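**Q** 3D model of this:
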Amino acid sequence: MDIQGFVYTTSVVGSFPRPRWLKDAFGKVKSGEMKAEQYDEFLDDAVKLTIREQELAGIDVITDGEQRRVSFVSFVGQTIPGFQLVHINEINPDAVRIMKEQKAPITYWRAVAAGTIKDAPMAVRELEFARSVTEKPVKVTLPSPYLVMWEAWDEKFSKPFYRQPEDLATDYVKIVRKEIVRLRDAGAAFVQLDEPMLGDLVEAGEEPDRYRRFIGLIHGQKYRGFKDELSLGRDLMNEAVKGISGVRIGVHMDRWPVKGSPNWGIGYERLLPDVMDIKVKQYVLEYASKGSGDPARFIEQMPSDREIGLGVVDVTDPKVESPKRIADRARRAGKYLDPERIWLNPDCGFAPGMFRKFERRTAFQKLRSMAEAAKILRSK
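**A** The predicted structure is shown next:
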């Protein structure tokens, strides 16, 4: 299905809550009670179910719900040689306590660079399976280089192979470039680079935001300062996508405001002008949660060839928004952009980690409400 010419295209950011039976199966395969081959069947069934739910909800561009991934970033530890999937307690026995103190919810299973990383297909199999069970356009998500640098470099595990975190990022850029090309050639409609660490800079300044404070405490990485971090994130992203054509590429930046923050109510405009220099087609941004700011401040400065994936559904609130309320949120962007340049999606993935608790039926109802909102907007 061609996306060209759609107005108020509906999509998802990536993850969808896993069925309970898949979570149970994950525990059994880790404990040796279930064989990997049997677990693969569970994964295939979970993907089929998730895709069908998105189709029933009326979503235009879908994902496989990241059902095969332990988390959106630890996924590299499942696929790329040189990364090791490590439980957070193995990195630092006090990690959970530190996480709570810093109010920085991080996935417990972490991909750590514990060797020289080597190129390998990451998500092509996911895409091929998804395309075999749907006729809808398929989006595929990949962890971005700046994110992987911050999340996966550890002073103990990684320093023997990568003296500096930037050295790890340089190697990963080469791998992710090749993967984007593989995904394009396999028929991906959209490749989204997940970049929560860049979005989290909205909360940073002379001192790091709470996520970098936490990662620094357990992994040993040092904060470089607001401007240097922002420039580094932009440059790594541009290296990853430079010269690649034939597929829509976007960047998703998280925004998890905290009440009491001096930047409550301030949005991604705080990252301007640097993020406008990122050479992607679409900015996938969070605007449904409280304190996220006014999208107009960002949209007014977007180049004319860019799109916005507008977060119109709150993935932290179990209350299902009405189609009218979602349509009203979308109209904030419609004042400034042609509807062909506006995509509607939830703020973030519903379950970026396997064990994140969010009711699957609620996620489905929110997606259906979003699709109904798109119909309202298209009718006008």
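**Q** need the residues that contact the helix or strand bottoming out on mean pLDDT in the chain.
**A** The weakest-scoring helix or strand in the chain, judged by mean pLDDT, DSSP states H and E, is helix 95-102 (a mean of 78). Residues outside helix 95-102 that contact it (C-beta atoms under 8 Å, 6 or more residues apart in numbering): Ile88, Asn89, Asn92, Pro105, Ile106, Tyr108, Arg210, Tyr211, Arg213, Phe214, Leu217, Ile218. C-betas here are computed from N, CA, C, even on glycine.
**Q** what's the closest of those to Pro262?
**A** Arg210 (12.9 Å; C-beta to C-beta).
**Q** does the residue minimising distance to the centre of the chain have beta-bridge partners, and which?
**A** The centroid of the chain falls nearest to Asp194 when counting by C-alpha atoms, centre = their mean (3.8 Å). Here Asp194 sits in beta bridges with Pro143, His252, as judged by DSSP bridges.
**Q** before we move on, back to that, if any of the contacts of helix 95-102 are buried, put those into a ChimeraX selection.
**A** Listed next is the ChimeraX selection for buried residues among these, using 16 or more other C-beta atoms under 10 Å:
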select :88,92,106,108,210,211,213,214,217,218
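**Q** so where's the stretch 101-250 of the chain uncertain?
**A** Under the criterion pLDDT under 70, no range of the stretch 101-250 of the chain is flagged.
**Q** can you pull out the helices in it?
**A** For the stretch 101-250 of the chain, applying DSSP state H, counting those that start in this stretch gives helices covering 124-132, 145-152, 165-185, 196-199, 210-219, 226-241.
**Q** deepest of these, which one?
**A** Among the helices of the stretch 101-250 of the chain, helix 145-152 has the highest mean neighbour count (mean count of other C-beta atoms under 10 Å), at a mean of 28.
**Q** report the separation between the two terminal residues of stretch 306-317.
**A** Stretch 306-317 has an end-to-end distance of 29 Å (criterion: C-alpha to C-alpha, to the nearest Å).
**Q** now do it, average pLDDT.
**A** For stretch 306-317, mean pLDDT rounds to 96.
**Q** which parts of that stretch are buried?
**A** Arg306, Glu307, Ile308, Gly309, Leu310, Gly311, Val312, Val313, Asp314, Val315.
**Q** so how far is that stretch off the chain centroid?
**A** With C-alpha atoms, centre = their mean, to the nearest Å as the basis, stretch 306-317 stands 12 Å off its chain's centre.
**Q** what do you get for stretch 51-61?
**A** Using C-alpha atoms, centre = their mean, the offset of stretch 51-61 from its chain centre is 19 Å.
**Q** hmm, who's touching that stretch?
**A** Counting by C-beta under 8 Å, 6+ apart, residues outside stretch 51-61 touching it are 3, 6, 9-12, 16, 62-65, 130, 133-134, 136-139, 189-190, 343, 364, 367-368, 370-372, 374-375.
**Q** kindly recompute the last result at 7 Å.
**A** For stretch 51-61, contacts defined as C-beta atoms under 7 Å, 6 or more residues apart in numbering pick out 3, 6, 9-12, 62, 64, 130, 133-134, 136-137, 139, 189-190, 364, 367-368, 371.
**Q** among these, which ones are buried?
**A** Buried, going by 16+ other C-beta under 10 Å: 6, 9-12, 62, 64, 130, 134, 136-137, 139, 189-190, 364, 367-368, 371, out of these.
**Q** and the strands in this structure?
**A** Under the criterion DSSP state E, strands of the chain are mapped to 9-10, 83-87, 109-113, 139-143, 190-194, 248-253, 282-285, 307-313, 342-346.
**Q** among the ones you listed, which comes closest to Ala204?
**A** That would be strand 248-253 among the strands of the chain, by C-beta to C-beta, at 13.1 Å.
**Q** can I get that closest one in PDB, CA atoms only?
**A** Coordinates of each C-alpha in strand 248-253 appear next as PDB, following Å, rounded to 0.1, in the frame of the first residue of the first chain:
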ATOM      1  CA  ARG A 248      11.200   7.200   4.700                       C
ATOM      2  CA  ILE A 249      13.400   7.700   7.700                       C
ATOM      3  CA  GLY A 250      12.300   9.300  10.900                       C
ATOM      4  CA  VAL A 251      13.700  10.000  14.400                       C
ATOM      5  CA  HIS A 252      11.600   9.400  17.600                       C
ATOM      6  CA  MET A 253      12.500  11.500  20.500                       C
END
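**Q** and the angle from that strand to strand 307-313?
**A** 50 degrees (axes from the mean of the first three to the mean of the last three C-alpha atoms, to 10 degrees).
**Q** Asp171 against Asp119, yeah?
**A** No. Between Asp171 and Asp119 there is no contact under C-beta atoms under 7 Å: 9.2 Å.
**Q** how about Gly220, nearest residue that isn't a chain neighbour?
**A** Glu155 (3.1 Å; C-beta to C-beta, 6 or more residues apart in numbering).
**Q** that neighbour contacts His219, doesn't it?
**A** Yes. Checked against C-beta under 7 Å, the pair Glu155 and His219 is within contact range at 6.4 Å.
**Q** buried residues in stretch 266-279?
**A** Ile266, Gly267, Tyr268, Glu269, Arg270, Leu271, Asp274, Val275, Ile278, Lys279.
**Q** what about the nearest residue to Pro352 once chain neighbours are set aside, neighbour count?
**A** Nearest residue to Pro352, sequence neighbours excluded (C-beta to C-beta, 6+ apart): Phe72, at 4.5 Å. Phe72 is flanked by 24 other residues according to other C-beta atoms under 10 Å.
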